[in-house]
Every structure is written in structure tokens, then in C-alpha cells.
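Q: below is the sequence, then the predicted model.
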Amino acid sequence: MENLNLFVKSIFIDNMIFAYFLGMCSYLAVSKNVKTAFGLGLAVTFMLVVTLPLNYLLDTYVLQEGALKWLHPSLASVDLSFLGLIMFIAVIASATQLVEMAVEKFAPALYNSLGIFLPLIAVNCAILGGALFMQQRDLGSTLTAGVYGLGSGIGWLLAIVGLAAIREKIAYSNVPPALKGIGITFIITGLMGIAFMSFLGIKL
């Protein structure tokens with residue numbers, strides 16, 4: 001039940017886009033059509049599901065103070081937590097390369113449509129933010145970290161696909177010239193964020 005609550009909360013209440021504004025660069029740039037947005041959303045979700053458990057294991061058994069005592073009792077006083085940020089980034093960058101190679105091989109059309117934003121997943125704030133939130137909230141197990149990653153990824157996916165669907169529709173609308181493009185996109189994002197605030201009333 002605790003994992004289910006965390007899953008629902010990470011999708012709707014603690015949404016990476018609307019609660020923390022993480023990953024806004026690719027969110028705004030790749031949300032011009034639903035197909036491309038869905039592909040990027042799946043890639044970000046996959047990255048969160050893969051990297052959060054890996055970073056949890058890294059943090060629990062290597063980086064935290066006393067985490068290395070499983071190697072030898074003399075290492076119980078070693079604290080490598082100052083390396084946390086750079087190690088998390090290294091894990092994310094390595095996983096991104098694997099995802100990029102897989103997408104290029106099995107979905108070349110999606111690879112071409114995503115362009116530069118696929119390798120930029122490595123520096124997507126939502127993925128690094130997920131790892132830092134995982135560390136801050138002291139999630140209890142690898143499974144919990146994976147559930148949190150899946151929920152956060154689905155929340156990001158819903159946000160970008162929802163925006164892409166709206167942007168496809170307003171392409172046929174009479175938008176004032178001064179607001180066309182990124183201007184109206186910012187307004188829509190703000191309204192979506194206000195809509196997602198209604199989920200704060202959910203009691204879990």
C-alpha cells in the first residue's frame with residue numbers, strides 16, 4: 001500500500017513538471033506533436049526506472065557514511081557522500097548512451113525526430129532530480145526507488161503528451177500573433193499546472 005501511495009503521489013501530486021518544474025527545456029521543445037512527445041516521455045520514464053534503483057544501490061552501499069563496512073570493518077568510518085552528485089550524473093549519462101543506441105537501432109524514425117534532445121536526456125533535470133529526491137526522502141528499498149521512478153516518469157509523460165495534444169489542436173485556432181509559439185505554450189503550461197494543483201486534495 002505504501003508503494004501504491006508513493007506511485008500515485010509521484011504522478012499527480014509531486015509531478016516533476018508541475019510541482020518542481022524539472023525537465024522544462026525538453027518539455028517545451030519536444031511537445032509540438034503527440035508522437036514525438038510520447039516517444040521522449042517513454043525514454044524519460046525508462047531512464048528514471050533504470051537509474052533510480054541503480055543510484056539507490058550506489059548511495060546505500062557505497063556513498064553513505066559507513067556504507068562500505070560490508071567490504072571491511074575498517075571502512076565503516078568512510079563517508080563518500082560528497083561524491084553523490086557526480087556519481088549520479090555518471091550513472092545517468094551511461095544509461096542515456098545505452099538508450100540512445102537502442103532507439104537509433106530499433107526506432108530510427110523516432111531517433112531522427114527527437115534529434116539533439118535524445119542525448120540531452122542525460123542532463124534532463126527530472127532524472128537527476130528524481131535521484132536527489134530519492135536520496136533526500138530516504139526511500140526504503142530498491143523496489144520503492146523503482147516505483148518512485150516509474151511514477152515520476154509516468155507523471156512527466158502525461159504532462160508532455162497532454163501539452164503536445166493541446167498544441168496540435170491550437171494549431172488550428174486563432175491565436176493572437178504576439179502569443180503564437182512559445183508564448184501560448186507558457187500560458188497552457190501554467191493552466192495545466194493549476195489544474196494539477198487540484199490533486200493536492202487527494203489524501204493518501
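A: That came in fine, so what should we check first? On a predicted model such as this, the values are computed, not experimentally measured, just so you know.

Q: CA atoms for contacts and neighbours, from now on please.
A: OK.

Q: low pLDDT regions in the protein?
A: 116, 122-123, 204 (pLDDT under 70).

Q: as a quick check, tell me the outermost residue of it.
A: Most distant from the centre of the chain: Ser74, at 37.6 Å, with distances by Cα atoms, centre = their mean.

Q: quick one: it from Gly66, how far?
A: Taking Cα to Cα, to the nearest Å as the measure, Ser74 falls 10 Å from Gly66.

Q: quick one on the thing from earlier: how about the residue farthest from the centre of the chain, what does it touch?
A: Contacts of Ser74 were listed using Cα atoms under 8 Å, 6 or more residues apart in numbering, and none were found.

Q: try it again with 10 Å
A: Shown in contact with Ser74 (Cα atoms under 10 Å, 6 or more residues apart in numbering): Gly66, Leu68.

Q: do you know how far it is from Gly149?
A: Taking Cα to Cα, one finds Ser74 at 34 Å from Gly149.

Q: and if you look at Leu158?
A: 14 Å.

Q: who's more crowded, the two?
A: Shown here are Leu158 and Gly149; by other Cα atoms under 10 Å, Gly149 has more neighbours (30 against 19).

Q: isn't that one right up against Ile127?
A: Yes: using Cα atoms under 10 Å, Gly149 is in contact with Ile127, at 8.6 Å.

Q: if I look at those two, which residues touch both of them?
A: By Cα under 10 Å, 6+ apart, Gly149 and Ile127 have these common neighbours: Val44, Thr45, Met47, Leu48, Val49, Thr51, Leu52.

Q: out of these, which one sits closest to Gly181?
A: Val44 (24.0 Å; Cα to Cα).

Q: counting by contacts, list what the host helix or strand of Ile160 packs against.
A: Following DSSP states H and E, one finds Ile160 within helix 142-170. Counting contacts by 3 or more Cα pairs under 10 Å, 6 or more residues apart in numbering; DSSP states H and E, helix 142-170 packs against helix 2-8, helix 24-29, helix 34-58, helix 125-137, helix 182-196.
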